[in-house]
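Visitor: let's see this in three dimensions:
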Amino acid sequence: MMGISVKNLLETDFFANTKILAGEKGIHKEVNSVTVIDAPEGVKWLKGGELALTTAYSIRDDEEKQIVARCLDLAEQVFADVLPKCGLFLNPKEQELCETVWRQIDGIIYRFEGGFRGAERKRGIVLPDFYGSDPVDTKISAILVQGKLPSDISHRDFLGSILGTGVDRNRIGDILVVDGGAQVVLDRDITNYILQNLTKVGSYSVDVSEIDLEQIVTGEERIKEIRTTVSSLRLDAVAAAGFGMSRTAMAREIKAGRVKLNWSEVNSPSEDVKEGDVLSIRGRGRVEIAEAGGTTRKGRIHLSLRRLL
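Guide: Predicted coordinates:
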């Protein structure tokens, strides 16, 4: 049976108002059949040469599935254009998710770049595998935000003001608070927009200028080793031990949405944690559960924690 190219298909009346968002160089691929996908696992049923129609209903509220979809789309763009492609900025959990997807796809390689050594938020860069270790443009820039700012101004203040200009969070990398301001890593494509539109942080006027990535001041990460015991591996108990707070106070922090487990917000103090998990509170650093196991005579669990300050 003869197929029809994507190009010819889009020229029909049915697709008259269709807009190509990505993968335009694949427009000459042949379509041999049509399938409708709205089941979460529907992608596993595709065999190739199919026009897949979907409302994306199955991933409408599922953040992880949306990230996987973006990862797959980025890889598809690389195959279509045979050029490196830069994705959005991701937190460590999202990076791990994308890595799981990309390492299963033949013909591509990938990297994560955050603009400086030790960056937490990084953008995924996918390349045709023949690029090897050749350098590529990461399309990452940095800006310096300065002004007569109070000493207690925080990461949240800078982030909130930047997002208030209308840009998406995933276009912004790390924000490093420094004396008198902050250094912000961001997608180069929005740099000029931020330079023109970010005029205040909170109620304070600021000056914004572009800086070289080499000018980013990261400081040395300090690590505090903590050996303790807890009554259980509940989130509130372990986090309280790691951050030096009472369990009651930590439970309040968790219920208020200020605590993240493996970079995802949690609201239940009774959430179980395990060895290898990372707990974080903005402005208080991170706690990694290095070891968990063995009990005292009274049944308390031995913990080895690493607090990154």
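
Visitor: alpha carbons only for contacts and neighbour counts from here, please
Guide: Fine.

Visitor: name the residues that touch the longest strand seen in the chain?
Guide: Taking DSSP state E as the criterion, the chain has its longest strand at strand 285-295. The contact list for strand 285-295 (Cα atoms under 8 Å, 6 or more residues apart in numbering) reads 239, 242-243, 274-280, 301-309.

Visitor: centre of the chain to the helix or strand following it, how far?
Guide: Next along the chain after strand 285-295, taking DSSP states H and E as the criterion, comes strand 301-308. Centroid separation between strand 301-308 and its chain, computed with Cα atoms, centre = their mean, to the nearest Å, is 26 Å.

Visitor: stretch 94-102 too?
Guide: For stretch 94-102, the distance to the chain centre is 10 Å (Cα atoms, centre = their mean).

Visitor: only alpha carbons, please: show that stretch as CSV.
Guide: Extracted C-alpha coordinates of stretch 94-102, given in CSV (Å, rounded to 0.1, in the frame of the first residue of the first chain):
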residue,chain,number,x,y,z
GLU,A,94,14.4,15.8,36.1
GLN,A,95,17.9,15.3,34.7
GLU,A,96,17.9,11.8,36.0
LEU,A,97,14.6,11.2,34.3
CYS,A,98,15.8,12.5,30.9
GLU,A,99,19.0,10.5,31.2
THR,A,100,16.9,7.3,31.6
VAL,A,101,15.1,8.2,28.3
TRP,A,102,18.1,9.3,26.2
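
Visitor: what residues sit buried inside it?
Guide: By 16 or more other Cα atoms under 10 Å, the buried positions in stretch 94-102 come out as Glu94, Gln95, Leu97, Cys98, Glu99, Trp102.

Visitor: now that stretch: mean pLDDT?
Guide: Stretch 94-102 shows a mean pLDDT of 92 in the predicted model.

Visitor: what residues does it touch?
Guide: Under the contact criterion Cα under 8 Å, 6+ apart, stretch 94-102 has outside partners Glu64, Ile67, Val68, Cys71, Leu72, Ala75, Ile108, Ile109, Tyr110, Phe112, Lys122, Gly124.

Visitor: packing partners for the one helix or strand the first one maps to?
Guide: Counting by DSSP H and E, the element that carries Glu64 is helix 63-81. In terms of contact count using 3 or more Cα pairs under 8 Å, 6 or more residues apart in numbering; DSSP states H and E, helix 63-81 is assigned the packing partners strand 85-90, helix 92-102, strand 122-128.

Visitor: name the strands paired with the first one and say parallel or antiparallel.
Guide: When sheet partners are counted by DSSP bridges, strand 85-90 sits next to strand 122-128 (antiparallel).

Visitor: the next helix or strand after the partner strand - contacts with which helices or strands?
Guide: Remark: after strand 122-128, the chain's next helix or strand is strand 140-146, criterion DSSP H and E. Strand 140-146 sits against strand 181-187, helix 191-197, strand 207-211, with contacts defined as 3+ Cα pairs under 8 Å, 6+ apart.

Visitor: so which bits of the least confident helix or strand in the chain by mean pLDDT are buried?
Guide: Lowest by mean pLDDT, DSSP states H and E among the helices and strands of the chain is strand 50-53, with a mean of 80. Within strand 50-53, the residues that count as buried by 16+ other Cα under 10 Å are Leu51, Ala52.

Visitor: report the distance from it to the chain centre.
Guide: In terms of Cα atoms, centre = their mean, the centre of strand 50-53 is found 29 Å from the chain centre.

Visitor: on the three-state scheme, Leu279 is what?
Guide: Classification of Leu279 using DSSP: H, G, I helix; E, B strand; the rest coil returns strand.
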